[in-house]
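J.: Just to be clear, the model below is a prediction. Sequence and coordinates:
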Protein chains: 2
Amino acid sequence: MNPFPPIPDPQAEGRSYSPDELDNALRRLGEQRYHVHHPFHRLLHAGELTKGQVQAWALNRYCYQAAIPRKDAALIARTDDPELRREWRRRLVDHDGDAPGDGGLARWLKLAEGLDLDVAAVRSQELALPATRFACEAYVRFVAERSLLEAVASSLTELFSPSIISQRVSGMLANYDFVSEATLAYFNARLTQAPRDADWALDYVKQHARTPETQTAAIRALKFKCDVLWAMLDALHHAYVAPGHVPPGAFEPEAA
Amino acid sequence: MNPFPPIPDPQAEGRSYSPDELDNALRRLGEQRYHVHHPFHRLLHAGELTKGQVQAWALNRYCYQAAIPRKDAALIARTDDPELRREWRRRLVDHDGDAPGDGGLARWLKLAEGLDLDVAAVRSQELALPATRFACEAYVRFVAERSLLEAVASSLTELFSPSIISQRVSGMLANYDFVSEATLAYFNARLTQAPRDADWALDYVKQHARTPETQTAAIRALKFKCDVLWAMLDALHHAYVAPGHVPPGAFEPEAA
């Protein structure tokens, strides 16, 4: 049996949730389906991966980092509301910074460099798993094509990121001699950025999702985003944990 | 070491291939990377899957079947050439037929029904792996957004489908008592449709890809399509061959 309970569905229930009920439904869904529960994450944090496997994680995850400013810009491009645009613009600043070498994307490349990856190869995304790219592009398209409410709601996985980040940083520092605090600097900034962004987005969703239909759409948008993150780890797990499953042309860790 | 050789790249070589060379390069790429080599296919044809695993394959593959007429329409929507539109319209007829119950998509649902799947659930795509949906949508987007030449070239995996279909039909009939000729009727039609379509598309690509740049683009389009098919089987393999990896909310085979 699939251990994950069905997602809450006010539309099927034929009633609106109160803002508090919606808040709870979104948090419960995220707690159940967020990729902190994925076996690959457990291996990563517990120090059970080789350096090559951690490299594969960082190289693939770069595709996600690179997609984020595009999906944020896609959201900004869709709204006439200056407040929403200003709020979301802060995310662009966080990821792209104000100068080369600045911002979250550059910090992710520092992480890749700290893991001795070829930064140009990481940046090209050529060695990433196709499944990683498909999942990241699905996220960009979702934000560009669904309702604005769903686009905002799909960002709510950040409600859960402080827990995964603190586990990750302490676990990786304790367990891998090839990882340093400088390498993981990306995550420090996220510890303050993510909750601030997530709180704002959650308020927005609670204000704008008032009917059963829009509430179900918001809940399903968060489910979709959890699916994106989960699928990325499934692809990593399949390709790099069990031997012999790296797809044609993707990154091959060097023999340890 | 990744056993798959790098793809041919006339652009990097700084020269145009002759039409015959391009033909060879495309066929070689397909022979190397087509999903006939994927371990999940070998298990499927060899009779080494349970009925639940074959159900998971059919249910997920339905998403691909359902995406095909949309990607074909996306291609038709992009060209002012009536000949290309007429040629590609034939594919719409093949997949959608002339009446309910007719055409390839309906035949795939017959296959699902023959495997005792709930047809409404298959059609809803709700239980498919997110990774399957991401890969299929990536294909639709590719055809809608890349050059027309790349859109046509991405269909060239059909050059290789007769081999996989004949292996599949004979292997599945010989090895699974829950599979009948009627269940597999979908594949009979494809044995004549696919080579006819592929020959036309290959001629088109050879006529229109004359520069190193466009030839490399065509080769990379076929690589992309091989990646789509491979990623779909990776996702199936990960979720349903090793136990314990079905992602949240996806199809769960009943215990055998």
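T.: Received the coordinates, thanks. Fair warning: this is a prediction, and the values are worked out from it, not measured in the lab. Numbers count the residues shown, from 1 in each chain, chains lettered A, B, ... in the order given.
J.: Around chain B, pick out the residues from the stretch 51-200 of chain A.
T.: Residues of the stretch 51-200 of chain A found near chain B (C-beta under 8 Å from any C-beta of the partner chain) are A:129-131, A:133-135, A:137-138, A:141. Yep, even glycine has a C-beta here, placed from its N, CA and C like the rest.
J.: Can you add neighbour count and give the residues you listed back as TSV?
T.: Converted to TSV, these look like this (neighbours: other C-beta atoms under 10 Å in any protein chain shown):
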residue	neighbour count
A:129	27
A:130	25
A:131	31
A:133	24
A:134	30
A:135	30
A:137	20
A:138	25
A:141	17
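J.: just checking, what packs against the longest helix seen in chain A?
T.: The single longest helix within chain A, with elements called by DSSP state H, is helix A:212-240. In terms of contacts (3 or more C-beta pairs under 8 Å, 6 or more residues apart in numbering or on different chains; DSSP states H and E), helix A:212-240 is packed against helix A:10-13, helix A:19-33, helix A:39-45, helix A:51-76, helix A:130-145, helix A:148-153, helix B:130-145, helix B:212-240.
J.: in that helix, what counts as buried?
T.: Buried residues in helix A:212-240, counted by 16 or more other C-beta atoms under 10 Å in any protein chain shown: A:212, A:214-240.
J.: Return the distance of that helix from the chain's centre.
T.: 10 Å (C-alpha atoms, centre = their mean, to the nearest Å).
J.: thinking again about what came up before, which of the helices and strands packed on helix A:212-240 sits closest to residue B:162?
T.: Of all the helices and strands packed on helix A:212-240, helix B:212-240 sits nearest to residue B:162, with 15.1 Å by C-beta to C-beta.
J.: could you check the angle helix B:19-33 makes with the closest one?
T.: Here helix B:212-240 runs at an angle of 10 degrees relative to helix B:19-33 (axes from the mean of the first three to the mean of the last three C-alpha atoms, to 10 degrees).
J.: any idea how far stretch A:144-151 is from the chain center?
T.: Averaging C-alpha positions (C-alpha atoms, centre = their mean) puts stretch A:144-151 17 Å from its chain's average.
J.: Contacts made by it with the rest, please.
T.: Applying C-beta atoms under 8 Å, 6 or more residues apart in numbering or on different chains, the contact partners of stretch A:144-151 are A:71, A:74-75, A:77-79, A:84, A:142-143, A:154, A:205, A:208-209, A:214, A:217-218, A:220-221.
J.: Show me where chain A dips below the pLDDT cut-off.
T.: Across chain A, the ranges flagged by pLDDT under 70 are A:1-3, A:255-256.
J.: If we use 80, what do you get?
T.: For chain A, the stretches with pLDDT under 80 are A:1-4, A:255-256.
J.: residue nearest the centroid of it?
T.: Closest residue to the average C-alpha location of chain A: residue A:229 at 5.6 Å, with C-alpha atoms, centre = their mean.
J.: I'd guessed it sits against residue A:36; true?
T.: No: at 9.5 Å, residue A:229 does not count as touching residue A:36 under the criterion of C-beta atoms under 8 Å.
J.: circling back to that earlier point, switch the residues of the stretch 51-200 of chain A next to chain B over to TSV; also include distance to residue A:67.
T.: Formatted as TSV, those follow (distance: C-beta to C-beta, whole Å):
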residue	distance to residue A:67
A:129	14
A:130	14
A:131	14
A:133	9
A:134	11
A:135	9
A:137	7
A:138	10
A:141	10
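J.: now, which of these sits nearest residue B:246?
T.: Closest approach between those and residue B:246, by C-beta to C-beta: residue A:131, at 16.0 Å.
J.: surely the closest one meets residue B:134?
T.: Yes: the pair residue A:131 and residue B:134 qualifies as a contact (C-beta under 8 Å) at a distance of 7.3 Å.
J.: so what sits against both of those two?
T.: residue A:231.
J.: and the gap between the residue nearest to the centre of chain A and residue B:245?
T.: Using C-beta to C-beta, to the nearest Å, residue A:229 is found at 15 Å from residue B:245.
J.: can you check residue A:237 too?
T.: Note on residue A:237: its distance to residue B:245, by C-beta to C-beta, is 7 Å.
J.: And residue A:91, by the same measure?
T.: 32 Å.
J.: quick one, which of these two is more surrounded?
T.: Using other C-beta atoms under 10 Å in any protein chain shown, the more surrounded residue of residue A:91 and residue B:245 is residue A:91, with 22 against 17.
J.: List the contacts of the more buried one.
T.: By C-beta under 8 Å, 6+ apart, the contact set of residue A:91 is A:68-69, A:72, A:197.
J.: nearest to residue B:172, of those?
T.: For these, the nearest to residue B:172 is residue A:68 (42.9 Å; C-beta to C-beta).
J.: measure that closest one to residue B:246 for me?
T.: Applying C-beta to C-beta to residue A:68 and residue B:246 gives a distance of 28 Å.
J.: I would like the residues contacting stretch A:117-133, please.
T.: Here stretch A:117-133 makes contact (C-beta under 8 Å, 6+ apart) with A:55, A:58-60, A:62-64, A:66, A:109, A:112-113, A:231-232, A:234-236, A:239, A:247, A:249-251, B:131, B:134-135, B:138, B:224, B:227-228, B:230-231, B:234-235.
J.: Hmm, I typed the wrong one, I wanted stretch A:232-244.
T.: Under C-beta under 8 Å, 6+ apart, the answer for stretch A:232-244 is A:35, A:38-41, A:43, A:52-53, A:56-57, A:60-61, A:64, A:129, A:131-132, A:135-136, A:245-247, A:250, A:253, B:39, B:131, B:231, B:234-235, B:237-239, B:242, B:245, B:247.
J.: So residue A:85 is in contact with residue A:78, correct?
T.: No: if you go by C-beta under 8 Å, residue A:85 and residue A:78 don't touch, sitting 9.6 Å apart.
J.: Neighbour count for these two, which is higher?
T.: Under the criterion of other C-beta under 10 Å, the comparison of residue A:85 against residue A:78 puts residue A:78 first, with 17 against 14.
J.: Next, residue A:183: secondary structure please.
T.: coil (DSSP: H, G, I helix; E, B strand; the rest coil).
J.: Enumerate every residue touching it.
T.: A:110-111, A:114-115.
J.: Export the helices and strands packed on helix A:212-240 as JSON lines, with columns for distance to residue A:124.
T.: Shown next, in JSON lines, are those (distance: least, C-beta to C-beta, whole Å):
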{"stretch": "helix A:10-13", "distance to residue A:124": "43"}
{"stretch": "helix A:19-33", "distance to residue A:124": "31"}
{"stretch": "helix A:39-45", "distance to residue A:124": "23"}
{"stretch": "helix A:51-76", "distance to residue A:124": "10"}
{"stretch": "helix A:130-145", "distance to residue A:124": "12"}
{"stretch": "helix A:148-153", "distance to residue A:124": "28"}
{"stretch": "helix B:130-145", "distance to residue A:124": "18"}
{"stretch": "helix B:212-240", "distance to residue A:124": "13"}
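J.: before we move on, back to that, among the contacts of residue A:183, which lie within helices?
T.: Of the contacts of residue A:183, the ones assigned to helices by DSSP H are A:110-111, A:114.
J.: will you turn those into CSV that also has distance to residue A:24?
T.: Listed next are the ones in helices among the contacts of residue A:183 as CSV, based on distance: C-beta to C-beta, whole Å:
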residue, distance to residue A:24
A:110, 38
A:111, 34
A:114, 39
